[in-house]
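Engineer: Next comes the sequence, and after it the predicted model I'd like to discuss.
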Amino acid sequence: MKEKKPRQWIRVLLWDPRTHGIERCLYVKLARPWQAIEQDGSKPRNQLVNDDIVFITEDREKVDVFWPTRPFKGLTFYHCAHCGATFGVLPCQGCGADFLFDPDVDTNPKKGMGCPLPAKIEEFLDGKFEDGYFFPSPLMQRCEENKAWRNIHEGAKSSAKT
């Protein structure tokens, strides 16, 4: 199997909606540029991102070895620190928590990846905590996204046959 060559770093910030603080900062190396993943509709987005993850770290020094830029110039995505849901919809669609916003939210919008956290990121975080990191797990959110994607694509296939 051909090894994936890294194409882009992204930063995933796990933001606590209740305290307005960043709980975790993850640096994720992807095999393709983010725009290619966004435009690829062959699978649900959480699966596409998961397939393209090459490396995950919380250590900025490891990122600097491969990509020595200060400040970080990759894309930044925000997700709920409690459940991993994508950021941007109020209240949190995963756990129902209300987000407290910056006064400059309109000039500095925060957005997520547009999908629940991929399985590799959840596994990375769960490996650091005895009882797991998230509650509820992003697994259920991924299942819902996968089901919605299948319904859309199966509906398109059946209407194309008629």
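Structural biologist: Happy to help now that I have it.

Engineer: With W149 as the reference, measure out to V28.
Structural biologist: 22 Å (Cβ to Cβ, to the nearest Å). Every C-beta, even on glycine, is put in place using the N, C-alpha and C of the backbone.

Engineer: Which of these two has more residues huddled nearby?
Structural biologist: V28 (25 against 18; other Cβ atoms under 10 Å).

Engineer: can you pull up the bridge partners for that one?
Structural biologist: Note on V28: beta-bridge partners I10, I56, judged by DSSP bridges.

Engineer: buried stuff in the worst-scoring helix or strand of the chain on mean pLDDT?
Structural biologist: Taking mean pLDDT, DSSP states H and E as the measure, the chain has helix 60-66 as its least confident helix or strand, at a mean of 74. The neighbour-count check on helix 60-66 (16 or more other Cβ atoms under 10 Å) flags V63 as buried.

Engineer: Does that helix pack against any helices or strands, and if so which?
Structural biologist: If you count contacts as 3 or more Cβ pairs under 8 Å, 6 or more residues apart in numbering; DSSP states H and E, helix 60-66 packs onto strand 21-30.

Engineer: who does the strand it packs on touch, helix- and strand-wise?
Structural biologist: Using 3+ Cβ pairs under 8 Å, 6+ apart: strand 21-30 touches strand 8-16, strand 53-57, helix 60-66, helix 119-126.

Engineer: ok, now with 6 Å
Structural biologist: Helices and strands touching strand 21-30, by 3 or more Cβ pairs under 6 Å, 6 or more residues apart in numbering; DSSP states H and E, are strand 8-16, strand 53-57.
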